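Chemist: One predicted model, sequence on top.
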Amino acid sequence: PDDKWTYKNVVDKEGKMRKLTMDVYYPTKYFSDPNSAYPVVVYFHGGGWISGTTAIGWGHCSHYRSVHNAICVSVDYRLGDGLDGIVQSIVDAKAAIRYLRHNSESLRIDSNRI
């Protein structure tokens, strides 16, 4: 990834604070054209809610940034067994989307194309 953005702080199973991040892949022109806003592709890795990492999104995100001139983010989210784990994952996914929308101007994201 080119960067990491922290979108949420959570307390993990051991009671410790943990930052949830997203790996960011910028399109080639992102830094040479500072006045443009870009579409963003949000990638949530598979793993049945119990496994997986943001690294799984590398191939997909590399494609979207180079072929489609889009920012791509591969989102980290809490994993866990059972219904509680699934609910936490969905809550985190929604928080990631809200973060992108809320910070779209400073991140140079076209909020109509997430």
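Modeler: Looks like it arrived, so ask away.
Chemist: got the contact list for the least confident helix or strand in the chain by mean pLDDT?
Modeler: When the helices and strands of the chain are compared on mean pLDDT, DSSP states H and E, helix 82-102 comes out lowest with a mean of 93. With CB atoms under 8 Å, 6 or more residues apart in numbering as the test, helix 82-102 has contacts from 5, 7-8, 10, 20, 22, 40, 42, 44, 49-50, 73, 75, 77-80, 107, 109, 111, 114. C-beta: built from backbone N, CA, C; applies to glycine.
Chemist: Next, the buried residues of the helix or strand following it.
Modeler: For helix 82-102, the succeeding helix or strand toward the C-terminus, using DSSP states H and E, is helix 104-107. Within helix 104-107, the residues that qualify as buried by neighbour count (16 or more other CB atoms under 10 Å) are 104, 107.
Chemist: can you list contacts of helix 104-107?
Modeler: Helix 104-107 is contacted by residues 5, 37, 71, 100, 110-111, 114 when judged by CB under 8 Å, 6+ apart.
Chemist: ranking those by neighbours, who comes first?
Modeler: Highest neighbour count within the contacts of helix 104-107: residue 71, with 28 neighbours (other CB atoms under 10 Å).
Chemist: any idea how far it is from residue 16?
Modeler: Residue 71 is 30 Å from residue 16, where distance means CB to CB, to the nearest Å.
Chemist: Check residue 84 too.
Modeler: 18 Å.
Chemist: next one: residue 104
Modeler: 31 Å.
Chemist: Quick one: end-to-end length of stretch 39-49, please.
Modeler: For stretch 39-49, the first-to-last residue distance is 27 Å (CA to CA, to the nearest Å).
Chemist: Return the set of buried residues in it.
Modeler: For stretch 39-49, by 16+ other CB under 10 Å, it's 39-45, 49.
Chemist: JSON lines for the residues you listed, including pLDDT and distance to residue 59?
Modeler: As requested, the buried residues of stretch 39-49 are arranged in JSON lines below (pLDDT from 0 to 100; distance: CB to CB, whole Å):
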{"residue": "39", "pLDDT": "98", "distance to residue 59": "19"}
{"residue": "40", "pLDDT": "98", "distance to residue 59": "17"}
{"residue": "41", "pLDDT": "98", "distance to residue 59": "13"}
{"residue": "42", "pLDDT": "98", "distance to residue 59": "16"}
{"residue": "43", "pLDDT": "98", "distance to residue 59": "10"}
{"residue": "44", "pLDDT": "97", "distance to residue 59": "15"}
{"residue": "45", "pLDDT": "95", "distance to residue 59": "11"}
{"residue": "49", "pLDDT": "84", "distance to residue 59": "21"}
